[in-house]
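*Asks:* What shape does this take:
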Amino acid sequence: MGFWENITGFTHDGLPAEKMPENVKLVHSIKNQLKQLINMPKGSDLKNPDMGIEDIPDIVITVPEWTLEFGKSLSSMIKKFNRNIKEIYFNHWSIDENQCCLTCRMIVVTGNEEIIRYRAVFSALGSRQVEIISGDDDEE
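*Replies:* Sure, this is the predicted structure:
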């Protein structure tokens, strides 16, 4: 369980953490840590200048190959600053032109070899969200 859950007894989503099984706590804890990392501008933490991400350039709309490099950069940064994550993969990048946002899926492998799936939404307005993908919510 993360710092927030230990202090308040609730997840960032407002769910009571006390009665959650440990594996569910881990899913929510990783989700909240991912959300914090992708919402932090790179260089904003003076002790860890490589924590966070750079702004997503407009070129991503015209050069989809950029998402591969962006995913590699995200992966190395997240694995460095989240000790629960052994490996993370990004796939299914897409651009929602109606909402001006970039979305992708994150497949997280924990230290216990558990696989957790999340969806990340990178809004043009700067807001970035992370959602848990449940088995019946998956489009594959």
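*Asks:* Now the element after the helix-or-strand element of the chain with minimal mean pLDDT, going C-ward?
*Replies:* Every helix and strand in the chain was compared by mean pLDDT, DSSP states H and E; the lowest is helix 59-62, with a mean of 54. Beyond helix 59-62 in the direction of the C-terminus, DSSP states H and E gives the next helix or strand as helix 66-81.
*Asks:* which parts of that next one are buried?
*Replies:* Thr67, Phe70, Gly71, Leu74, Ser75, Met77, Ile78, Phe81 (16 or more other Cβ atoms under 10 Å). Any C-beta I mention is one placed from the backbone N, CA and C, and that applies to glycine too.
*Asks:* Just grab the bridge partners of the nearest residue to Asn39 once chain neighbours are set aside for me.
*Replies:* Computed as Cβ to Cβ, 6 or more residues apart in numbering, the closest residue to Asn39 that is not its neighbour in sequence is Arg128, at 5.0 Å. With DSSP bridges applied, Arg128 shows beta-bridge pairing to Phe122.
*Asks:* shift numbering so it begins at 18
*Replies:* Shifting the count to begin at 18 puts that one at Arg145.
*Asks:* Secondary structure class of the residue nearest the centre of the chain, three-state.
*Replies:* In the chain, the residue lying closest to the centroid (Cα atoms, centre = their mean) is Leu51, at 3.6 Å. Using DSSP: H, G, I helix; E, B strand; the rest coil, the structure places Leu51 in helix.
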